[in-house]
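> 3D model of this:
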Amino acid sequence: MTLEEKIIFYSHEDAVEFQKFLREKECGSRISVEHKFTGEPYFEGTISEFMNLIDLLAKKDAEENEVDEDLLHMKNDLVERKETLEKFFAEHKEGDLLSDATPSQMLAQLQSIDATGDDAIRKEAADKFVSSLMILATLEDNGLLEEAGEDYRLTGVKPADEMRIMYAYTDFPAVTSEDLAECGIASHVRTSSTTEYVITVGTEVLFVNTDEIADFLDHVDVDEDEAAKFVDAVFFKQAFVGKIHELVAEGNASEEALLEALGAPSFPLEGTKDVISFDITADYLKAVVNDLRKLGILTGKDGKIKNT
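Next comes the predicted model:
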């Protein structure tokens, strides 16, 4: 039905809990499982090889009297990454337990950033957190980490400039296959799979308080943007259906009359200083009117539409 709405969960348990919440509100729903498989291409090479590539591209730009600020920024980032890794390897040896790099410790670091009042201290903590994430990700990508209970163990050390890293294709728009071959950089396609639990919510959601929906979604593991998009969609449809009900009560008994009335620049939203406008097609209005007939909100054929 046209007035149905969908929301995506990444946890089956949370999807079922939302269904239970909807059922308590006398709103039907159904779950469908969707598996997605995607791939994203990267360039892969050592820090040293990427430095050589950046120098090569910068040299080409210089020959054409051009300066690529993005390349300069990337070079600075690489130098900083190399220095950070050199410091880490200077302070650690093979077999060391990285007890301060567990997920719980990293979460504690992140929470401490928000709890810090001083801006300078907060920035220092944030920089340390970002560096720790970079180190862990680079070690893992190079096969130098293994789980040891709740900790990680360092399984080896390497010169920092020999650590392999990756950049997205879009980071080097002007690079050629010859440039890559000269610097020893290859392509690496990272694939991943996700499982989504898509809940299709019945039209009865029009009678559910959106504040209650938002409060429920705020306490489960669902993407914030996805939750906000869902709540907004329900709210907009509620306002739309409310306006149709009002227009029918005023004597607009045909879809043509409703469409014309809905073409007004804007309508006030009840209880607020806000306004809403409706830019819809005749086909969409027809589908909505049919849904409202099925819900028992409207009755009558076109030209004799009325509220129940």
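
> average pLDDT across whichever strand or helix holds Asp127?
Using DSSP states H and E, Asp127 falls within helix 119-141. For helix 119-141, the mean per-residue pLDDT is 81.

> Quick one: the strands in the stretch 1-150 of the chain, in order.
All strands of the stretch 1-150 of the chain, identified by DSSP state E, counting those that start in this stretch, fall at 5-9, 29-46, 145-148.

> ok, now the stretch 201-308 of the chain?
All strands of the stretch 201-308 of the chain, identified by DSSP E, counting those that start in this stretch, fall at 267-268, 275-276, 298-299, 306-307.

> pLDDT below threshold where in this protein?
Along the chain, the model assigns pLDDT under 70 to residues 100-118, 121-122, 125.

> Which stretches in it count as helices?
Using DSSP state H, the helices assigned to the chain run over residues 12-24, 47-63, 69-91, 103-115, 119-141, 177-183, 210-217, 224-249, 255-262, 282-294.

> Of those helices, which is nearest Lys306?
With distances scored as CB to CB, the stretch of the helices of the chain nearest to Lys306 is helix 224-249 (6.2 Å). Using the backbone N, CA and C atoms, a C-beta is placed for each residue, glycine as well.

> Give me the spatial nearest neighbour of Ile185, chain neighbours excluded.
Gly45 (3.8 Å; CB to CB, 6 or more residues apart in numbering).

> And for the one you found, the neighbour number?
For Gly45, the count of nearby residues is 21 (other CB atoms under 10 Å).

> Distance-wise, check it relative to Ala120.
36 Å (CB to CB, to the nearest Å).

> Ala249 against Leu298, yeah?
No - counting by CB atoms under 8 Å, Ala249 does not reach Leu298; the two are 10.9 Å apart.

> what's the overlap in contacts for the two?
Asn307 (CB atoms under 8 Å, 6 or more residues apart in numbering).

> before we move on, back to that, shouldn't the residue nearest to Ile185 be in contact with His188?
No - between Gly45 and His188 there is no contact under CB under 8 Å: 9.3 Å.

> Pick the most deeply packed of the strands of the stretch 201-308 of the chain.
strand 298-299 (a mean of 16; mean count of other CB atoms under 10 Å).

> by contact count, what packs against that strand?
helix 224-249, helix 282-294, strand 306-307 (3 or more CB pairs under 8 Å, 6 or more residues apart in numbering; DSSP states H and E).

> Phi, psi for Val67 please.
phi -130, psi 120 (degrees, to the nearest 10).

> From Asp77, how far off is it?
Val67 is 17 Å from Asp77, by CB to CB.

> Out of the strands of the stretch 1-150 of the chain, which is closest to Leu98?
strand 145-148 (7.7 Å).

> The closest one pairs with which strands?
Next to strand 145-148 in the sheet, as set by DSSP bridges, lie strand 151-154 (antiparallel).

> related to what we said a few turns ago, same list (the helices of the chain) but as JSON lines, adding mean neighbour count and distance to Gly303.
Formatted as JSON lines, the helices of the chain follow (neighbours: other CB atoms under 10 Å; distance: least, CB to CB, whole Å):
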{"stretch": "helix 12-24", "mean neighbour count": "16", "distance to Gly303": "35"}
{"stretch": "helix 47-63", "mean neighbour count": "17", "distance to Gly303": "69"}
{"stretch": "helix 69-91", "mean neighbour count": "14", "distance to Gly303": "62"}
{"stretch": "helix 103-115", "mean neighbour count": "12", "distance to Gly303": "60"}
{"stretch": "helix 119-141", "mean neighbour count": "15", "distance to Gly303": "64"}
{"stretch": "helix 177-183", "mean neighbour count": "14", "distance to Gly303": "67"}
{"stretch": "helix 210-217", "mean neighbour count": "16", "distance to Gly303": "33"}
{"stretch": "helix 224-249", "mean neighbour count": "16", "distance to Gly303": "12"}
{"stretch": "helix 255-262", "mean neighbour count": "17", "distance to Gly303": "9"}
{"stretch": "helix 282-294", "mean neighbour count": "16", "distance to Gly303": "12"}
